[in-house]
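# pasting the structure only:
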């Protein structure tokens, strides 16, 4: 691929995207975040409906863009952001299913590491298993930011799975290894960040529990996701100051 932009998937010019990007899976949630949390907003991408916006949060220039669902999708968008648009920090904000008894709906999980059942890392030809981990600066700043927020937070390992509808036996094995929650994107983001020498973090709101009949309603998700979005933005502020 050449160094020219726009890229095949992002119709933005150099300088349209901030150094730090908040990345939900749903492009409509990216639009919601831009309209409700940022000021002086402009849209930099509409290709394939994957909306992206740049604005300011408390005076700091920040972008927000959807990633789509799954590791192949976030793999494409995060790669282009890191390698073509000089993005330094990407913070994924999304939902997850809890695996542990002490992790409940509405809780926030900050992913220190991201196990995976995906073959995404095969492209690097490492001859072994790579351990995808968060950037420590982003991680520590997120943990610090939670101290001023009324949220119940867990920090630890998650699982990024290629499957959404999977057998409970699969979930039980990750539970037995102490994994906090399961989602579908973080491992690819962390691997792209490592390969690009950039920074990544995943912050998740627990929307349901894999082993209990518990899930958030749409209204409850709105409030819970709002806390997560604020945490992501505050983490960016702390990391760039």
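Cool, the structure landed. Remember, it's a predicted structure, so these values are computed and weren't measured experimentally.

# by residue count, tell me the biggest helix in this structure.
Across the chain, the longest stretch assigned as helix under DSSP state H is helix 218-240.

# any idea how far that helix is from the chain center?
11 Å (Cα atoms, centre = their mean, to the nearest Å).

# going forward, the N-terminal residue is numbered 31.
Sure, I'll start numbering at 31, so the last one becomes helix 248-270.

# residues of it that come out buried?
Neighbour counts using 16 or more other Cβ atoms under 10 Å place 251, 254-255, 257-267, 269 of helix 248-270 among the buried residues. For every residue, glycine as well, the C-beta is placed using N, CA and C.

# next: stretch 63-71.
Buried residues in stretch 63-71 (16+ other Cβ under 10 Å): 63, 64, 67, 68, 71.

# what's the answer for stretch 91-102, then?
Using 16+ other Cβ under 10 Å as the test for burial, stretch 91-102 gives 91, 92, 93, 94, 95, 96, 97, 98, 100, 101.

# now the end-to-end length of it.
End-to-end distance for stretch 91-102, by Cα to Cα, to the nearest Å: 28 Å.

# and what of stretch 37-56?
Using Cα to Cα, the two ends of stretch 37-56 sit 20 Å apart.

# for the record, mean pLDDT for that stretch?
For stretch 37-56, the mean per-residue pLDDT is 96.

# could you pull out the strands in the chain for me?
50-53, 69-75, 82-87, 90-95, 119-128, 138-146, 183-190, 211-213, 229-239 (DSSP state E).

# what helices or strands is the first one leaning on?
Pointing back at strand 50-53 there. In terms of contacts (3 or more Cβ pairs under 8 Å, 6 or more residues apart in numbering; DSSP states H and E), strand 50-53 is packed against helix 57-67, strand 90-95, helix 101-114, strand 119-128, helix 248-270.

# what residues are bridge-paired with the residue nearest the centre of the chain?
In the chain, the residue lying closest to the centroid (Cα atoms, centre = their mean) is residue 122, at 1.4 Å. For residue 122, the beta-bridge partners are residue 53, residue 232 (DSSP bridges).

# from residue 192, how far out is it?
Computed as Cβ to Cβ, to the nearest Å, the residue 122 to residue 192 distance reads 16 Å.

# what of residue 214?
Distance, residue 214 to residue 192, using Cβ to Cβ: 7 Å.

# much appreciated, bye for now.
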